[in-house]
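In: My questions are about this predicted structure, shown below with the sequence.
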There are 2 protein chains.
Amino acid sequence: MSAKILLVEDDNQIREVVSDYFSAKSECSIKMITASDGDEGLDLIENDDFDLIMLDVMLPHIDGFTLCRRIRKKKDVPVLFLTARVSEDDKLYGYELGCDDYITKPFSLAELYAKVNALLKRASGTVSKPEIICGNIALNPVTLNVTACGNDIELAPKEFEILAYMMKHPNWVVSRDTLLDMIWGNDFYGSPRIVDNHVKKLRSALGEAGNQIKTVISKGYRLTEE
Amino acid sequence: MSAKILLVEDDNQIREVVSDYFSAKSECSIKMITASDGDEGLDLIENDDFDLIMLDVMLPHIDGFTLCRRIRKKKDVPVLFLTARVSEDDKLYGYELGCDDYITKPFSLAELYAKVNALLKRASGTVSKPEIICGNIALNPVTLNVTACGNDIELAPKEFEILAYMMKHPNWVVSRDTLLDMIWGNDFYGSPRIVDNHVKKLRSALGEAGNQIKTVISKGYRLTEE
DNA sequence: CAATATTATGATAAAATGATAAAGAATACT
DNA sequence: AGTATTCTTTATCATTTTATCATAATATTG
């Protein structure tokens, strides 16, 4: 599942940092769109549907509270305030307007991310899953579930890690040495042939979808989308 | 293999100690360049290519995170954070920004040295570099994909290496001996005629675009843009 | 144009590489 | 301790890739 989030914030740096963090952290299951002032924000809201809106309270022409009221007239979308003001009044005001939560600057990105996910969950009844998908294979880094062609797959630890690494780098050719470095670590002194064996098992565990793992001779393996 | 490393660190002593240690330990295969603040660091990064950058998180005017983001916009080079802060947030943040690893102060020089070497090793194989394009041929050094006139091409290892070398030096006349040196290495004692054969196969694999490989009689081959 | 040097091509043998299976070692679980 | 699972090593077999060589084609030189 993917969510579209609008961030209205005049501070360039916060906009960028939050945007980057969310895109990266959610592994693209969250799509971030930003606006630097209220007017731009309203425009976007009118022409597009968002799953959540983050609003800075202190905006140039229009303040966050007013903006929130206008949003509420049009759409029932979760709103989260970013605020530097900490008085209870402000907090209450926000809540009455239908703001669903707020966070006080300076905030940690992890905290914000957690709040956003909680809101999304509350709003939709489902959690935004950071599922990674490549062709017929899906891997959930949270539940550690793997499905191939819709079937649940049980993988041994090493098999899972190999698949996870390749899923994060689809279409890359990953060498055996890279896999050894990333998964076994620097204190492994055996032969790279061991990768072959795990890949073999991984392929057979994936069944039909095992064909998505191609071998690139003398280079390594590649996970393709078909 | 020699690597150029930039260390951005405001503490004189750390700068010197790390720099000396790396130069000595690597027996000059690592060249250390240092900057004492972010601006100086950015300057150096813009005017030079580094194989790895070590960043202190706490810098005078600009902090390491911001600097890292700026670097990422320009170059895809491994970044390693030196940090005195140990909260998970910082660690995560660093990773999302494209920092490849971090080490917490106080650290042992040996540990740092090991991390750096691991990163360099990993990077030399898998850092995502932009596609190399020459005329109708495109080569992606990460996915190892080759396309000629838009079609995906399958190449045998030696063919790929020859093409890759020529793509990195478009319009150069590369002699058979050079190719033997660069691709076969010094432990090959056969005839340079073997290059002809691989070039032949490479040409036919490239189809139409094979014409971009011209033979320069008695000198070698040249890859042109048309 | 003939003579010579250089390169292209194709067939085939040799070598390198990867797939796979089997079996012992390590690890976790009961 | 005993069992089951996973990891690792090793050996064999199939496939791909590379090397060699003979011959044809092309270019260069006088």
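Out: Yep, it's here. Residues are numbered from 1 along each chain as shown, chains lettered A, B, ... in the order given.
In: Flag every residue of chain A that's near chain B.
Out: With the criterion set to C-beta under 8 Å from any C-beta of the partner chain, chain A comes near chain B through A:13, A:16-17, A:20-21, A:24-25, A:108-110, A:169, A:171-175, A:177-178, A:181-182, A:186, A:216-219, A:222. For every residue, glycine as well, the C-beta is placed using N, CA and C.
In: Need phi/psi at A:Leu155.
Out: Comment: the main-chain dihedrals of A:Leu155 come out as phi -120, psi 150, following degrees, to the nearest 10.
In: Need the pLDDT of the residue nearest in space to the middle of chain A.
Out: Closest to where the C-alpha atoms of chain A average out (C-alpha atoms, centre = their mean) is A:Ser26, at 1.0 Å. A:Ser26 is assigned 77 on the pLDDT scale.
In: Tell me how far it lies from DNA strand D.
Out: 28 Å (C-beta to the nearest atom of the strand, to the nearest Å).
In: Repeat that for A:Asn211.
Out: Counting by C-beta to the nearest atom of the strand - A:Asn211 and DNA strand D are separated by 14 Å.
In: Leaving out the residues flanking it, which one is nearest to that residue?
Out: Distances taken as C-beta to C-beta, 6 or more residues apart in numbering or on different chains put A:Arg203 closest to A:Asn211, at 7.8 Å, once the chain neighbours are dropped.
In: So what touches the host helix or strand of that neighbour?
Out: In this structure, A:Arg203 is located in helix A:193-206 according to DSSP states H and E. When contacts are taken as C-beta atoms under 8 Å, 6 or more residues apart in numbering or on different chains, the neighbours of helix A:193-206 outside the stretch itself are A:137, A:148, A:153-156, A:158-159, A:162-163, A:176, A:179-180, A:210-213, A:215, A:221.
In: That one close to DNA strand C?
Out: Yes: using C-beta under 7 Å from any atom of the strand, helix A:193-206 comes into contact with DNA strand C via A:193, A:196-197, A:199-200, A:203.
In: could these go into a markdown table alongside neighbour count?
Out: Formatted as a markdown table, the residues of helix A:193-206 next to DNA strand C follow (neighbours: other C-beta atoms under 10 Å in any protein chain shown):
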| residue | neighbour count |
| --- | --- |
| A:Arg193 | 8 |
| A:Asp196 | 13 |
| A:Asn197 | 10 |
| A:Val199 | 22 |
| A:Lys200 | 13 |
| A:Arg203 | 17 |
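In: Break down chain A into its helices, ranges please.
Out: With DSSP state H, the ranges of helices along chain A come out as A:12-25, A:38-47, A:64-74, A:88-96, A:109-124, A:157-168, A:176-179, A:193-206.
In: start to end distance for stretch A:32-51?
Out: The first residue of stretch A:32-51 is 11 Å away from its last residue (C-alpha to C-alpha, to the nearest Å).
In: from chain A, which residue is nearest to DNA strand C?
Out: Per C-beta to the nearest atom of the strand, A:Thr215 is where chain A lies closest to DNA strand C, at 3.5 Å.
In: what sits against the residue nearest to that residue when sequence neighbours are not counted?
Out: With C-beta to C-beta, 6+ apart as the measure, A:Tyr221 is the residue that lies nearest to A:Thr215, at 5.5 Å, once sequence neighbours are left out. Taking C-beta under 8 Å, 6+ apart as the definition of contact, the neighbours of A:Tyr221 are A:166, A:173-174, A:176, A:179, A:195, A:199, A:213-215.
In: domains in chain A, as residue ranges please.
Out: Partitioning chain A according to automatic domain parsing yields domains covering residues A:3-124, A:132-223.
In: worst average pLDDT in those?
Out: Looking at these, the weakest mean confidence is domain A:3-124, a mean of 73.
In: Distance-wise, check the nearest residue to A:Ile183 once chain neighbours are set aside relative to A:Val79.
Out: Distance criterion C-beta to C-beta, 6+ apart; nearest residue to A:Ile183, sequence neighbours excluded, is A:Glu161 at 4.6 Å. Applying C-beta to C-beta, to the nearest Å, one obtains 39 Å for the distance of A:Glu161 from A:Val79.
In: Comparing the two, which residue is more hemmed in?
Out: A:Val79 (26 against 17; other C-beta atoms under 10 Å in any protein chain shown).
In: beta partners for that one?
Out: Under the criterion DSSP bridges, A:Val79 forms beta bridges with A:Ile53.
In: How many residues are close by A:Gly185?
Out: Count around A:Gly185 with other C-beta under 10 Å applied: 9.
In: what does A:Tyr189 give?
Out: A:Tyr189 sits with 7 neighbouring residues when counted by other C-beta under 10 Å.
In: isn't A:Asn136 right up against A:Gly210?
Out: No: counting by C-beta atoms under 8 Å, no contact exists between A:Asn136 and A:Gly210, whose distance comes to 9.9 Å.
In: starting at the chain centroid, how far to stretch A:201-216?
Out: Here stretch A:201-216 shows a centroid-to-chain-centroid distance of 26 Å under the convention C-alpha atoms, centre = their mean, to the nearest Å.
In: first to last residue in that stretch, what's the distance?
Out: By C-alpha to C-alpha, the extent of stretch A:201-216 from end to end equals 18 Å.
In: Likewise for stretch A:205-224?
Out: Across stretch A:205-224, the terminal residues are separated by 17 Å (C-alpha to C-alpha).
In: in it, what counts as buried?
Out: Residues of stretch A:205-224 classed as buried: A:205-206, A:209-210, A:212-213, A:216, A:220-223 (neighbour count, 16 or more other C-beta atoms under 10 Å in any protein chain shown).
In: Could you do stretch A:11-18 as well?
Out: Residues of stretch A:11-18 classed as buried by neighbour count (16+ other C-beta under 10 Å): A:14-15, A:17-18.
In: ok, now which ones touch the residue nearest to A:Ala209 when sequence neighbours are not counted?
Out: Setting aside the residues directly before and after it, A:Ala209 is nearest to A:Ala148 in space (C-beta to C-beta, 6+ apart), at 3.8 Å. A:Ala148 makes contact with A:136-137, A:205-210, according to C-beta under 8 Å, 6+ apart.
In: Now do whichever residue of chain A sits closest to DNA strand D against A:Arg176, distance only.
Out: The minimum distance from chain A to DNA strand D, using C-beta to the nearest atom of the strand, falls at A:Gly190 (2.4 Å). For A:Gly190, the distance to A:Arg176 (C-beta to C-beta) stands at 11 Å.
In: higher neighbour count, these two?
Out: Neighbours were counted for A:Gly190 and for A:Arg176 using other C-beta under 10 Å; A:Arg176 has more, 17 against 8.
In: how near is that one to A:Pro157?
Out: A:Arg176 sits 18 Å away from A:Pro157, taking C-beta to C-beta as the criterion.
In: Can you report how many residues lie near the closest residue to A:Asp51 other than its chain neighbours?
Out: Nearest residue to A:Asp51, sequence neighbours excluded (C-beta to C-beta, 6+ apart): A:Ala3, at 4.1 Å. A:Ala3 sits with 20 neighbouring residues when counted by other C-beta under 10 Å.
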